[in-house]
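In: fold the stuff below for me.
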Amino acid sequence: MTDPIHCLSNTTTSHCLSRRGFLAASAAVAGGLGMTSLGGARRASAAALKTVRFSEAVHNLGYINLYVGMHAGIFTKNGLDMQVSAAGGDTQTFAAVLGGSADFAIGDATMAQISRENGGPGIVVGTVVQRAHYFGVSKTLKPITDPKEFKGLKIVTSPEPNTNYSVTKRMLEKAGLKLGTDATIVPVNPGTEIAAMLAGQADVAIAYQPSVAAAEAQGAKIVFDFSNYMGPFCNTGIMVLPSTIQKDPEMVQALVTSFEEASRRTYADPAYAKEVARKEFPDLPGDVVDKAIDAELKYLIPAQSVITKEDQWKNLIDMQVYLGNAKGTVPFNEIIDNSFAEKAIASAK
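Out: Okay, the predicted model is just below:
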């Protein structure tokens, strides 16, 4: 059997891009993603369905509402043939939209903000993950109740500008810790954070489900919870180009409506969410996957509704402005289009 830690994400080589380099590199990255299809076996055969090229940053259980929607036939019911691929990181997934190889992307919506601030396109039409879906995981540390307790530690995350790097850096600096002196961040390819920690490269890994539950099965423990530390937070948004909205608003509405229905189904039927999660991660033991879903729902990490709330967005952008990744110059109503989410909510009542 494949090592479960190493099969948690279908990642390509990680690309660490600065804010200034993001737009210049996006088209080139999009052209060379080599994304691995996740949806081939699930593609509907009905010719009448609208094909949707959909890019997810990394295959993980924060996106359980997407997988529930696919397995439950919700996207198909709404006329969509979802072709889902994992891009290998937040930068790469939005680059796929900019480069034209994907119609939609889910990942750190700061990428759309950065694009807009630099004169490029980008609209966020919904939220998929409403809390920071990261946990500090360690085999050696006791639970950390104060971020100042990270002093002297090596911490492994995905590289900048991925969200787990961003939330970790901000947390450390707000605790008065100087990076490189008081604490060290060790960047690794997205999805390999736990493996790096278990291999002794760091004291603690900042990672997401189901890799966290897999690590717990190997003797590690959750020592810090970012979901409560950060509060309401647009960790993952649905990003699309304005031209796509103008060209095919019906497709956008069908996709957002599907996410609303899938998000509600995820919370209403945890047993089904676990069934779906086991299918999406067949190389992990079933009890590990079940534990991961229990944690996702307990900490309210998947979006309960697709609509993007102002406090969620403010917490995201405030963090990115603090880190210097974004300027925060695009008003909420200019980058967030909640009209599709509002119609989805109305139709679901």
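
In: can you tell me which residues contact residue 206?
Out: Listed by CB atoms under 8 Å, 6 or more residues apart in numbering, the contact set of residue 206 reads 134-137, 155-157, 164-165, 167-168, 193, 226. No exception for glycine: its C-beta is placed from N, CA and C like everyone else's.

In: tell me what it is bridged to.
Out: Counting by DSSP bridges, residue 206 forms beta bridges with residue 136.

In: is residue 126 part of a helix or strand, or is it coil?
Out: Following DSSP: H, G, I helix; E, B strand; the rest coil, we place residue 126 in the strand state.

In: hang on, the earlier thing: can you redo the contacts of residue 206 as a markdown table with secondary structure?
Out: Compiled in a markdown table, the contacts of residue 206 are given as follows (three-state DSSP):
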| residue | secondary structure |
| --- | --- |
| 134 | coil |
| 135 | strand |
| 136 | strand |
| 137 | strand |
| 155 | strand |
| 156 | strand |
| 157 | strand |
| 164 | helix |
| 165 | helix |
| 167 | helix |
| 168 | helix |
| 193 | helix |
| 226 | helix |
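
In: adding pLDDT and neighbour count, write these out as TSV.
Out: Converted to TSV, the contacts of residue 206 look like this (pLDDT from 0 to 100; neighbours: other CB atoms under 10 Å):
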residue	pLDDT	neighbour count
134	93	29
135	96	27
136	97	28
137	98	27
155	98	27
156	97	27
157	96	27
164	90	28
165	94	22
167	94	22
168	96	28
193	95	31
226	95	23
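
In: for those, which one is nearest residue 315?
Out: Residue 315 has its nearest neighbour among the contacts of residue 206 in residue 167, at 10.1 Å by CB to CB.

In: state the distance from the closest one to residue 175.
Out: Shown here: residue 167 relative to residue 175, a distance of 13 Å by CB to CB, to the nearest Å.

In: and for residue 54?
Out: Between residue 54 and residue 175 the distance, using CB to CB, works out to 37 Å.

In: who has more neighbours out of these two?
Out: Each of residue 54 and residue 175 had its neighbours counted (other CB atoms under 10 Å), and the higher figure belongs to residue 54 (25 against 15).

In: what's the closest non-adjacent residue to the more buried one?
Out: Leaving aside its chain neighbours, residue 54 sits nearest to residue 84 (4.8 Å; criterion: CB to CB, 6 or more residues apart in numbering).

In: Three-state assignment for that neighbour, please.
Out: When states are read from three-state DSSP, the local structure at residue 84 comes out as strand.

In: pretty sure it sits against residue 70.
Out: Yes. The criterion here is CB atoms under 8 Å, and residue 84 meets it with residue 70 at 7.3 Å.

In: what segments of the stretch 151-300 of the chain are strands?
Out: Along the stretch 151-300 of the chain, counting by DSSP state E, counting those that start in this stretch, strands occupy 154-157, 184-187, 204-207, 221-225, 232-240.

In: out of these, flag the one nearest residue 148.
Out: Closest of the strands of the stretch 151-300 of the chain to residue 148 is strand 221-225, at 12.0 Å (criterion: CB to CB).

In: mind giving me the packing neighbours of the closest one?
Out: strand 135-138 (3 or more CB pairs under 8 Å, 6 or more residues apart in numbering; DSSP states H and E).

In: quick one: pLDDT of residue 342?
Out: Looking at residue 342, its pLDDT stands at 98.

In: name the SS class of the closest residue to it other than its chain neighbours, please.
Out: Leaving aside its sequence neighbours, residue 342 sits nearest to residue 307 (CB to CB, 6+ apart; 6.8 Å). The three-state label for residue 307, taken from three-state DSSP, comes out as coil.
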